[in-house]
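> Pasting the sequence and the predicted model now:
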Amino acid sequence: MLNEEKIQAMTDLAVFEKHQGRKIFPVNQYFKSDYVGGQLFRSFFGYTFSFALILLMWILYKLDVLMKGADIDQLIGWIRNWGLAYVTGLGGYLLITWKIYSRRYDFASRSQTMYVARLKHLDRKFGKDRGKENRGGAAL
């Protein structure tokens, strides 16, 4: 005879695994500082690459001024402005990245704890029946 409560609990866990598992299970492999640090590292290179592309597009746009010979004060002003924009943007972007991935780690950690608790509950509640059902292929 099928135990509908057990089937429902196992189905709920399977649905949770399917929808949330991809998000929470990889996080379980890291400490919070390692996970967030890795994401900050990736964000740093992504932001730097994007900034370099935007800077390259701006240089190509201003190529006629540069080729005609911009004075040194104008070049220093451009470098200072672009450097300030890079540092300010990078700081803001890394702060946002840190907040987002810290929250994601905390959510995944709580979800993982909840998932394990539900598994333990399922095992405690229905684990004692396992031995009875497996003897001789029939339930006693």
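Received, thanks.
> from here on, contacts and neighbour counts on C-alpha atoms
Noted.
> Identify the residue spatially nearest to the residue nearest to the spatial centre of the chain, adjacent ones excluded.
Nearest residue to the geometric centre of the chain (C-alpha atoms, centre = their mean): Tyr101, 5.6 Å. Nearest residue to Tyr101, sequence neighbours excluded (C-alpha to C-alpha, 6 or more residues apart in numbering): Val36, at 5.8 Å.
> Look up the pLDDT of that neighbour for me, please.
At Val36, the model reports a pLDDT of 94.
> Please apply the same query to the one 4 residues further on.
At Leu40 the predicted local distance difference test score is 97.
> and it, what does it touch?
Contact partners of Leu40, counting by C-alpha atoms under 8 Å, 6 or more residues apart in numbering, are 94, 97-98.
> Could you pick out the buried ones from the residues you listed?
Neighbour-count burial (16 or more other C-alpha atoms under 10 Å) applied to these gives 94, 97-98.
> Out of those residues, flag the one nearest to Leu66.
Leu94 (32.3 Å; C-alpha to C-alpha).
> Point me to the helix or strand that includes the residue lying closest to Phe51 once chain neighbours are set aside.
Closest residue to Phe51 apart from its sequence neighbours, by C-alpha to C-alpha, 6+ apart: Tyr86 at 7.2 Å. If you go by DSSP states H and E, Tyr86 is part of helix 72-126.
> chain center to that helix, what's the gap?
Averaged C-alpha coordinates place helix 72-126 at 7 Å from its chain's average position (C-alpha atoms, centre = their mean, to the nearest Å).
> same question, stretch 29-42
9 Å.
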